[in-house]
Structure formats: structure tokens, C-alpha cells
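*Asks:* just a sequence and a predicted model for now, questions to come.
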Amino acid sequence: MTHPPSLADIAAQLEAYDPQALPASEVLNFLDHLVTPVHESESVDIFAALGRVTAQDVISPLNVPPHDNSAMDGFAFDGAQLRDTQSLSLKVVGTALAGKAWAGAVKAGECVKIMTGAIMPEGLNTVVPQELCQITASETIEIPAGLLRSGDNRRLCGEDIMQGHAALLKGALITPAAAGLLASLGVPNVLVVRRLRVAYFSTGDEILSLGEAPREGAVYDSNRYTVHGMLQALGCEMIDMGVVKDIPELLEQAFNKAAEQADAIITSGGVSVGEADFTKAMMKQLGDVVFWKIAMRPGRPMAVGRIQKGQRSAVLFGLPGNPVAVMVTFLAFVKPALLKMMGCTAAPLPMLRARTQEVLRKKPGRTEYQRGIISRNAQGELQVITTGNQGSGVLSSMVQANGLIVLSHQQGTAQLGDWVDVLVI
């Protein structure tokens with residue numbers, strides 16, 4: 001059995017690795033080395049497959065489409081009769097309907113009325129849309145010169161997917177379109193990677209669970225609910241472990257229970273400099289964990305590693321305590337890592353480019369993720385404006401935002417009208 005590399009082994013592979021001033025790009029690089037896909041799989045029906053990841057290539061058992069067929073309603077004929085400078089007159093000798101092959105024979109100077117999806121009769125390879133030709137009372141059509149080329153408006157057998165070829169590759173995310181594609185192949189079930197199991201809990205004596213009475217200096221836990229929502233959107237199997245107080249015995253129990261059940265553990269709070277050391281000390285005691293100061297805003301403190309329990313271990317993501325910082329670090333770092341653990345090979349959505357509608361002050365040396373509202377101006381260009389207060393505890397600004405303005409590590413102040421990167425959320 002191959003053991004995963006230690007955090008020290010991973011760090012040694014990275015150039016200029018400094019856990020006290022780690023660029024955001026190096027976080028992603030480190031996590032890419034840390035996490036590996038789960039290997040267990042299960043067969044599910046198509047209705048249950050949405051959002052899952054294929055565990056193997058899906059090989060098509062048939063051609064799609066299964067026959068040459070018409071791409072539209074019109075008249076099918078042999079395109080070899082077309083002339084560039086001369087119109088073509090054809091007599092209509094039958095009708096081909098979708099779902100039933102037309103068995104007659106078509107000679108030169110003849111055509112068949114055909115419906116969209118109907119099998120092309122033998123010897124015919126071109127369709128003229130019915131609205132582009134003139135139909136006479138004697139059931140003859142007139143096709144103007146230069147209107148068509150031979151082969152137009154015909155779908156070829158197997159032009160979408162050929163029998164024996166991969167319809168979906170291993171690691172594909174099953175979207176609504178992919179589910180429809182599988183159904184079009186007559187495939188009722190698909191082998192998918194099992195759901196990733198993720199345990200999560202909040203830490204801190206000042207954190208209240210819903211239903212507890214308010215008390216001075218305490219705040220209600222919001223992080224578990226945002227993490228729950230983001231995990232649900234990824235299709236993970238979630239293990240909600242509630243709020244864990246800063247008591248070593250309780251923290252040890254929580255980490256051990258999470259490592260026994262989950263592939264990944266997400267915590268919020270207890271990883272910043274100056275906070276009570278119970279959470280960090282327990283992470284170190286139970287696993288191979290490193291504590292980072294990431295050159296980013298919001299965010300900065302983060303713990304990463306593995307928590308060991310017997311023969312099992314779970315990847316740990318220790319996120320900061322501030323609500324917006326939790327969401328930003330999850331979207332920027334944890335989400336890509338979890339997708340890799342799920343076996344997903346789909347390319348991430350690209351960032352958009354938009355013109356900023358205000359000056360965005362920034363010094364080089366850290367990556368900033370500012371909450372923004374993306375819209376389109378009168379010229380059709382994308383534009384973005386911040387939601388205002390960018391404090392890491394202002395969760396209402398995240399509610400208003402539909403994107404994160406990403407100002408890169410080396411970038412300075414963005415002036416009014418400058419193009420900036422935006423991550424759609």
C-alpha cells in the first residue's frame with residue numbers, strides 16, 4: 001500500500017515555500033499534491049446521477065444518431081442534381097415521417113417530403129427547408145439556384161457519438177446535458193465515484209448554536225450553514241458535527257470521530273495567531289498539520305494536513321473564523337481540492353474580465369478577493385462594482401455579491417475603468 005507524501009515532502013517540492021507568507025497560487029499547488037481521488041464507486045440510475053462524477057469511461061453501445069436523418073422539415077433529394085446557375089425542379093413522390101422509414105424508391109427528378117429526425121431514404125443526401133422552396137399545385141417543388149450544396153441539412157449516422165467510442169470520459173461531472181446524453185444512448189445506469197464524505201464543525205467558546213439563548217460576547221454560528229450549503233452544491237455526503245468548545249477532550253473526540261467517518265474535515269476558527277491554542281495543539285497532536293499565513297485578503301490563517309485515526313486518515317482544512325473569510329477560502333482553495341478528491345477532471349469555470357466602476361486600492365504582495373456585483377453596461381461590456389464594506393465579518397456583503405473581484409498577488413491599485421478578473425459565485 002502506497003503511503004501519501006508527508007507535508008514536509010510536499011513542501012520540499014515547491015519553490016520558495018514559506019508557510020508564513022504563502023502566495024495563493026502556492027496554496028493551490030500544495031493542495032494539488034496533498035489530495036488524491038477516492039477510488040470506491042457505485043452504480044446509480046440516471047435520475048440519481050446528476051452532480052456525480054463518472055468512475056470510468058462511458059462507452060456508447062450505439063451510433064447517435066443511429067441513421068442518417070433530416071435536420072429539419074423539408075424535402076429530401078439527391079444533391080448531385082444541384083447546379084450553381086440553374087434552379088432545380090423536383091416532383092414530390094412520398095412523405096418520410098420521424099420514427100418510421102420510408103421504403104419507396106426515388107429516381108432522378110424526384111424528392112420526398114421529410115420531417116425533422118426522419119431517416120433519409122436510400123440514395124438521398126440533401127434536404128431543402130420547406131420555407132426556402134416554391135411548391136406548385138402539381139406537387140412539384142422549385143429550388144432556386146445557388147441556395148444549397150449537396151449534403152446540406154442532413155445529420156450523419158454517428159456524427160454525434162459513434163458506437164464503441166467514449167460518450168463521457170472518466171472524471172466527467174454529470175450535468176443535465178450529460179444525463180440527457182446518457183439517456184439518448186439507452187443507458188439506464190452509470191458507474192460513478194461514491195459521494196465524498198466531509199465532516200465539518202465550528203470551534204470556539206463564543207459560538208452559539210441555533211436555539212441557544214444569546215449571551216454577552218457570544219455570536220451565533222453562521223459558518224456551519226455556509227459550509228453546509230457549499231458542500232451540498234458539490235454533492236458531498238455531509239457530516240455536521242455542530243459547535244465544539246475550546247476544551248481539549250471535546251476537540252479530541254470531534255477530530256477522532258471525524259477522521260473515522262470522513263474523507264475530509266473542515267473546521268472554522270481556532271487557527272489564527274493569538275487565539276487559544278487548544279484547536280491548533282489538538283490538530284498537531286492527532287495529525288500531520290501545517291499552519292499557514294496566506295498572502296491574501298480576506299483569509300490569511302489556514303491549517304492544512306491530515307488527521308489520523310487508526311488506519312484511516314482524513315484531509316484537514318482548518319479555515320479562519322470570520323464568515324466571509326470562510327467562504328472565500330473555501331471557494332478559492334477547498335472547493336478545487338474537494339473536486340479533485342471526487343475524481344472530477346472537468347475544467348473549472350474561467351474567470352471573467354470586467355471593467356471596475358471604482359478605484360480598488362491594493363498593494364502588491366497579496367491576493368485580494370473583493371465582493372462585487374457584475375452587470376453589463378450600455379456598450380455590452382461587463383462591469384463590476386464592490387458591495388461596499390469589505391470587512392471579513394460582513395456576511396451581508398456576500399449575500400449581495402454575484403462575484404469575487406480577484407486582484408492578483410503582484411497587482412497594485414486598479415483604477416476606474418481598468419479591466420479586472422472576476423470569479424462568478
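*Replies:* Alright, I've got the coordinates.

*Asks:* can you pull out the strands in the stretch 151-300 of the chain?
*Replies:* 154-155, 166-168, 189-193, 197-203, 207-208, 219-220, 237-244, 264-268, 287-297 (DSSP state E, counting those that start in this stretch).

*Asks:* can you tell me which of the ones you listed is most buried?
*Replies:* strand 264-268 (a mean of 28; mean count of other CB atoms under 10 Å). The way it works is simple: take the backbone N, C-alpha and C, and place the C-beta from them, glycine included.

*Asks:* may I see the strands of the stretch 151-300 of the chain organised as a markdown table, with distance to Ala401 and mean pLDDT added?
*Replies:* Output for the strands of the stretch 151-300 of the chain, formatted as a markdown table (distance: least, CB to CB, whole Å; pLDDT from 0 to 100):
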| stretch | distance to Ala401 | mean pLDDT |
| --- | --- | --- |
| strand 154-155 | 43 | 97 |
| strand 166-168 | 33 | 97 |
| strand 189-193 | 31 | 98 |
| strand 197-203 | 22 | 97 |
| strand 207-208 | 24 | 90 |
| strand 219-220 | 21 | 92 |
| strand 237-244 | 24 | 96 |
| strand 264-268 | 20 | 97 |
| strand 287-297 | 15 | 94 |
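
*Asks:* which residues of the stretch 51-200 of the chain score low on pLDDT?
*Replies:* In the prediction, the stretch 51-200 of the chain carries no residues with pLDDT under 70.

*Asks:* how's this protein carved up into domains?
*Replies:* 7-40+194-341, 42-64+159-193, 69-155, 352-424 (automatic domain parsing).

*Asks:* and the strands of the stretch 151-300 of the chain: which comes nearest Leu62?
*Replies:* strand 166-168 (10.0 Å; CB to CB).

*Asks:* and the spatially most central residue of the chain, which of the three is it?
*Replies:* Against the mean C-alpha coordinate of the chain, by CA atoms, centre = their mean, the closest residue is Pro348 at 5.8 Å. Here Pro348 is recorded as coil under DSSP: H, G, I helix; E, B strand; the rest coil.

*Asks:* and the pLDDT for it?
*Replies:* pLDDT, Pro348: 85.

*Asks:* name the element Val127 belongs to?
*Replies:* strand 126-129 (DSSP states H and E).

*Asks:* each with direction, which strands does that strand pair with?
*Replies:* Using DSSP bridges, strand 126-129 pairs in its sheet with strand 74-77 (antiparallel).

*Asks:* about what we covered before: which SSE is immediately downstream of the strand holding Val127?
*Replies:* strand 134-135.

*Asks:* where's the helix or strand that comes right after that next one relative to the chain centroid, distance-wise?
*Replies:* Where DSSP H and E defines the elements, the next helix or strand beyond strand 134-135 is strand 140-143. Strand 140-143 sits 50 Å away from the centroid of its parent chain (CA atoms, centre = their mean, to the nearest Å).

*Asks:* elements contacting strand 140-143?
*Replies:* Applying 3 or more CB pairs under 8 Å, 6 or more residues apart in numbering; DSSP states H and E, one finds that strand 140-143 contacts strand 88-96, strand 134-135.

*Asks:* residues in contact with the shortest one?
*Replies:* Taking CB atoms under 8 Å, 6 or more residues apart in numbering as the criterion, the residues outside strand 134-135 that touch it are Val92, Ile141, Glu142.

*Asks:* neighbour-wise, give me the winner out of the residues you listed.
*Replies:* Ile141 (21 neighbours; other CB atoms under 10 Å).

*Asks:* who's that residue bridged to?
*Replies:* Applying DSSP bridges, one finds that Ile141 bridges with Leu90, Ile135.

*Asks:* that one and Gly158, how far apart?
*Replies:* Counting by CB to CB, to the nearest Å, the separation of Ile141 from Gly158 is 30 Å.

*Asks:* one more: His228?
*Replies:* Applying CB to CB, the value for His228 to Gly158 is 44 Å.

*Asks:* the lengthiest helix in the chain to strand 287-297, inter-axis angle?
*Replies:* Taking DSSP state H as the criterion, the chain has its longest helix at helix 248-261. In terms of direction (axes from the mean of the first three to the mean of the last three CA atoms, to 10 degrees), helix 248-261 departs from strand 287-297 by 100 degrees.

*Asks:* surely Asn402 and Thr387 touch.
*Replies:* No. Contact between Asn402 and Thr387 fails when scored by CB atoms under 8 Å: they sit 9.5 Å apart.

*Asks:* so what sits against both of these two?
*Replies:* Joint contacts of Asn402 and Thr387 (CB under 8 Å, 6+ apart) are Gly372, Ile373.

*Asks:* those two - which one has more neighbours?
*Replies:* More crowded of Asn402 and Thr387, by other CB under 10 Å: Thr387, with 19 against 14.

*Asks:* before we move on, what's the pLDDT of the more buried one?
*Replies:* At Thr387, pLDDT is 95.

*Asks:* show me where the protein has helices.
*Replies:* Using DSSP H, helices in the chain cover 7-13, 24-34, 176-184, 223-234, 248-261, 278-286, 323-329, 335-341, 395-400.

*Asks:* now mean neighbour count and distance to Val359 too, for those helices, in TSV please.
*Replies:* Putting the helices of the chain into TSV (neighbours: other CB atoms under 10 Å; distance: least, CB to CB, whole Å) gives the following:
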stretch	mean neighbour count	distance to Val359
helix 7-13	13	38
helix 24-34	18	22
helix 176-184	15	41
helix 223-234	18	29
helix 248-261	18	44
helix 278-286	20	38
helix 323-329	26	21
helix 335-341	20	30
helix 395-400	14	18
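
*Asks:* now those helices in CSV, with distance to Ala199?
*Replies:* Shown next, in CSV, are the helices of the chain (distance: least, CB to CB, whole Å):
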stretch, distance to Ala199
helix 7-13, 20
helix 24-34, 17
helix 176-184, 29
helix 223-234, 10
helix 248-261, 4
helix 278-286, 13
helix 323-329, 16
helix 335-341, 13
helix 395-400, 23
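
*Asks:* run a quick neighbour tally on Asp421.
*Replies:* 18.

*Asks:* so who does it touch?
*Replies:* Counting by CB under 8 Å, 6+ apart, Asp421 makes contact with Met351, Leu352, Arg353, Ile405, Val406, Leu407, Ser408.

*Asks:* beta partners for the second one?
*Replies:* Going back to what we said before, that points to Leu352. Val422.

*Asks:* wait, doesn't it sit right on Ile405?
*Replies:* No. Using CB under 8 Å, Leu352 is not in contact with Ile405, being 10.2 Å away.
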